[in-house]
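Student: mind looking at a prediction? Sequence and model below.
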Amino acid sequence: MLEKLFKLDQAKTNVRTELLAGLTTFMTMAYILAVNPNILSVAGIPRGGVFVATALAAVIGTLLMAFLSNYPFVLAPGMGLNAFLTFGVVIGMGYSWQFALLAVFVEGLVFLALSLTPVREGIFNAIPISLKKAVAAGIGLFICFIALQNSKVVVDSGATLVDCISFRDVPFHTQGICAILALVGTIATGVMLAARIRGAILFGILFTWILGMICQAAGIYVADPATGYFSLYPSFTFAGIKDSFREFGTTAGALFDSASWTHTKDGAVIASGWSLVKSIDFFVVMFAFFFVDLFDTLGTLIGVSMKGGFLDKDGRLPRISGALCADAIATSVGAFFGTSTTTTYVESASGVAAGGKTGLTAVAAAVLFALALLLAPIFLAVPGFATTPALIVVGYMMLSSVADIDWNDVGESLPAFIALAWMPFTYSISDGIMFGIISYTLVNLLTGKSARVHWLMYVLTVIFIAKYALM
């Protein structure tokens, strides 16, 4: 049955490898179950309801991806997009969270309509192969940068923006030892990869976590919840699960309550209800979500597909329509449940690196997200520093795609470098893609090589330049 559904033999994989890859992907992105409720609760959405909505959106979106496209991509509410909803739309612009979720819901429907037409696939195919390879490498650096920040190996610095941790200047028993464990885990994972141990990435996560628990038992790591450093031991209590589902009852469908659609300024309501939806404000908010989601998703599909070898000789992704439809439907479903934009995760690359090649990997991850609803205290105990080695190694693997770029051709290589560099430096996949496309079009147009530029690239370039000029 599994062979018939997922064509394992054709993909040259097996059930064990796919399940292990699904577990690896889940372990590297399970943090969203803890982080998303924390971010969206600032916007006023009940925290427990967001937790349930996050898990359900991940389950449904990932299953849709598995059965509509047969790719090992896993979906969940996206980082960055959740912060944009909270700090950009709700706190910054003054809209209610119900109104913001309505904009996300409509954005998903627009995406779905475009996914059923050649538009989104056309954009994907119009991007030249050199930029696709650069996007894969840029995402690799971006993933690595996020991992180093989350484990506090890289810290904020006033003079140089970021800096390497100074162990003399931070509390050793929390931040210091976590950074050390992340680095030790990275070396251990690298050793296992060099020894060609199957499942090295997952074993690296488990090794680093277990090492952390040993350090806690020995008093080297000391939990300090007030500063965000919690006990590394998994909890086997189920208190709070019932309350989470009760809160979910208040968030699910709340976006359709027109009485809750409000726009406030200085604490006073200046617009509400259907009048707000009919105004230009709604389209501004919806388009903002739409724009960021579109190119984050395309960037992730390009990067992970490049690493997994899923692109054909022309740089196109077979069955991309199913993948895009799954992503679009998941966005609207997630908004209905009470969470921000659901999107394809770059951490899917960890499962691909572990050997995942089919939708069975996605199904395995979806099952684990479903179990997380009941076993949340266990799954959420995996600390951030334990997933750092996996993400660093994935970044290393994805960077290898730059070797295939023709660095002697400036028209291909300079835009590729710009796209690659912009992602970690601007902390945005979509900005990297947009600047890469603008530079590719202009460099080749102004050097008499316009024939190599697809007409859609010209259209996108005009749109992107207008966006930055008016933003």
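Tutor: Received it, and whenever you're ready, just let me know what you need. Source: prediction; values computed, not measured.
Student: so who does Asn14 touch?
Tutor: By CB atoms under 8 Å, 6 or more residues apart in numbering, Asn14 lies in contact with Leu8. All C-beta atoms are positioned from the backbone trio N, CA, C, and that covers glycine.
Student: report pLDDT for it.
Tutor: We have a pLDDT of 92 for Asn14.
Student: can you say which helix or strand has Asp296 in it?
Tutor: helix 280-308 (DSSP states H and E).
Student: list the buried ones in that helix?
Tutor: The neighbour-count check on helix 280-308 (16 or more other CB atoms under 10 Å) flags 281-282, 285-286, 288-308 as buried.
Student: tell me how far it is from the chain's mean position?
Tutor: How far helix 280-308 lies from its chain's middle: 11 Å, per CA atoms, centre = their mean, to the nearest Å.
Student: average pLDDT across it?
Tutor: According to the model, helix 280-308 has a mean pLDDT of 79.
Student: may I have whichever helix or strand comes after that helix as CSV, with CA atoms only?
Tutor: Following helix 280-308 in sequence order, the next helix or strand is helix 320-337 (DSSP H and E). Written as CSV, here are the backbone C-alpha positions of helix 320-337 (Å, rounded to 0.1, in the frame of the first residue of the first chain):
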residue,chain,number,x,y,z
ILE,A,320,4.7,21.7,-8.2
SER,A,321,1.0,22.5,-8.6
GLY,A,322,0.0,20.0,-5.8
ALA,A,323,2.7,21.5,-3.5
LEU,A,324,1.5,25.0,-4.1
CYS,A,325,-2.1,24.1,-3.6
ALA,A,326,-1.3,22.3,-0.3
ASP,A,327,0.6,25.4,0.9
ALA,A,328,-2.4,27.7,0.0
ILE,A,329,-5.1,25.5,1.5
ALA,A,330,-3.0,25.1,4.7
THR,A,331,-2.8,28.9,5.0
SER,A,332,-6.6,29.4,5.0
VAL,A,333,-7.2,26.4,7.2
GLY,A,334,-4.6,27.6,9.8
ALA,A,335,-6.1,31.1,9.8
PHE,A,336,-9.6,29.6,10.5
PHE,A,337,-8.1,27.6,13.4
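Student: could you give the angle of helix 320-337 to helix 280-308?
Tutor: Using axes from the mean of the first three to the mean of the last three CA atoms, to 10 degrees, the direction of helix 320-337 lies 130 degrees away from that of helix 280-308.
Student: remind me what whichever strand or helix holds Trp209 packs against, helices and strands.
Tutor: Of the helices and strands defined by DSSP H and E, Trp209 is found in helix 200-217. Counting contacts by 3 or more CB pairs under 8 Å, 6 or more residues apart in numbering; DSSP states H and E, helix 200-217 is packed against helix 15-29, helix 177-194, helix 384-399.
Student: pull out the buried positions in the last one.
Tutor: Buried positions in helix 384-399, judged by neighbour count with 16+ other CB under 10 Å: 384-399.
Student: list the buried residues of the helix or strand just after that helix.
Tutor: Next along the chain after helix 384-399, taking DSSP H and E as the criterion, comes helix 410-426. Buried residues in helix 410-426, counted by 16+ other CB under 10 Å: 411-424.
Student: how distant is helix 410-426 from the center of its chain?
Tutor: On CA atoms, centre = their mean, the centre of helix 410-426 falls 20 Å from the chain's centre.
Student: mean confidence for it?
Tutor: 93.
Student: contacts for it, please.
Tutor: 128, 130-131, 133-135, 137-139, 141-142, 144-145, 299, 402, 405-407, 428-429, 431-433, 435-437, 439-440, 443-444, 447, 449, 452.
Student: so what's Asp293 closest to, chain neighbours aside?
Tutor: Thr341 (5.2 Å; CB to CB, 6 or more residues apart in numbering).
Student: ok, the one you found - contacts?
Tutor: Neighbours of Thr341 in contact, by CB under 8 Å, 6+ apart: 77-78, 81-82, 85, 104, 107-108, 289, 293, 331, 334-335.
Student: which residues are in contact with Met192?
Tutor: 200, 203-204.
Student: so can I have JSON lines of the helices and strands packed on helix 200-217 showing distance to Leu373?
Tutor: Below are these laid out as JSON lines (distance: least, CB to CB, whole Å):
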{"stretch": "helix 15-29", "distance to Leu373": "13"}
{"stretch": "helix 177-194", "distance to Leu373": "28"}
{"stretch": "helix 384-399", "distance to Leu373": "20"}
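Student: check those for me: which has the lowest mean pLDDT.
Tutor: helix 384-399 (a mean of 84).
Student: between helix 177-194 and it, find me the angle.
Tutor: Angle, helix 384-399 to helix 177-194, by the same axes, to 10 degrees: 40 degrees.
Student: quick check: pLDDT value at the residue nearest the centre of the chain.
Tutor: Among the residues of the chain, the one closest to the centroid is Tyr345, at 3.6 Å (CA atoms, centre = their mean). Model confidence at Tyr345, given as pLDDT, is 89.
Student: contacting residues for it?
Tutor: Tyr345 neighbours (CB under 8 Å, 6+ apart): 25, 29, 73-76, 78, 300.
Student: mind running it again at 7 Å?
Tutor: 29, 74-76, 300 (CB atoms under 7 Å, 6 or more residues apart in numbering).
Student: let's have those residues in CSV, adding distance to Leu374.
Tutor: Conversion of the contacts of Tyr345 to CSV gives the following (distance: CB to CB, whole Å):
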residue, distance to Leu374
Met29, 19
Val74, 19
Leu75, 20
Ala76, 18
Thr300, 29
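Student: where does this structure have its least confident helix or strand?
Tutor: strand 161-164 (a mean of 75; mean pLDDT, DSSP states H and E).
Student: now it, how far from the centre of its chain.
Tutor: So, by CA atoms, centre = their mean, the centroid of strand 161-164 is 23 Å from its chain's centroid.
Student: circling back: phi, psi for the residue nearest to Asp293 please.
Tutor: The phi and psi values for Thr341, taken as degrees, to the nearest 10, are phi -50, psi 130.
Student: mind pulling up the pLDDT for Ile205?
Tutor: 86.
Student: oops, could you answer that again for Phe379 instead?
Tutor: Value listed for Phe379 in the pLDDT field: 63.
Student: start the count at 58, not 1, going forward
Tutor: Noted, 58 is the first residue going forward, which turns the last one into Phe436.
Student: could the contacts of Thr398 go into CSV alongside distance to Met150?
Tutor: Shown next, in CSV, are the contacts of Thr398 (distance: CB to CB, whole Å):
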residue, distance to Met150
Pro134, 20
Gly135, 19
Leu138, 15
Asn139, 15
Leu142, 10
Val161, 14
Glu164, 16
Gly165, 20
Phe346, 12
Asp350, 17
Thr388, 20
Gly391, 21
Ala392, 17
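Student: next, count neighbours for the closest residue to Ser214 other than its chain neighbours.
Tutor: In space, Ser214 comes closest to Asp220 once its chain neighbours are excluded; the distance is 3.6 Å by CB to CB, 6+ apart. Neighbour count for Asp220, taken as other CB atoms under 10 Å: 12.
Student: please name the bridge partners of Asp220.
Tutor: Val212 (DSSP bridges).
Student: now the helix or strand hosting Val116: average pLDDT?
Tutor: Element membership for Val116 (DSSP H and E) is helix 104-126. Taken as a whole, helix 104-126 carries a mean pLDDT of 94.
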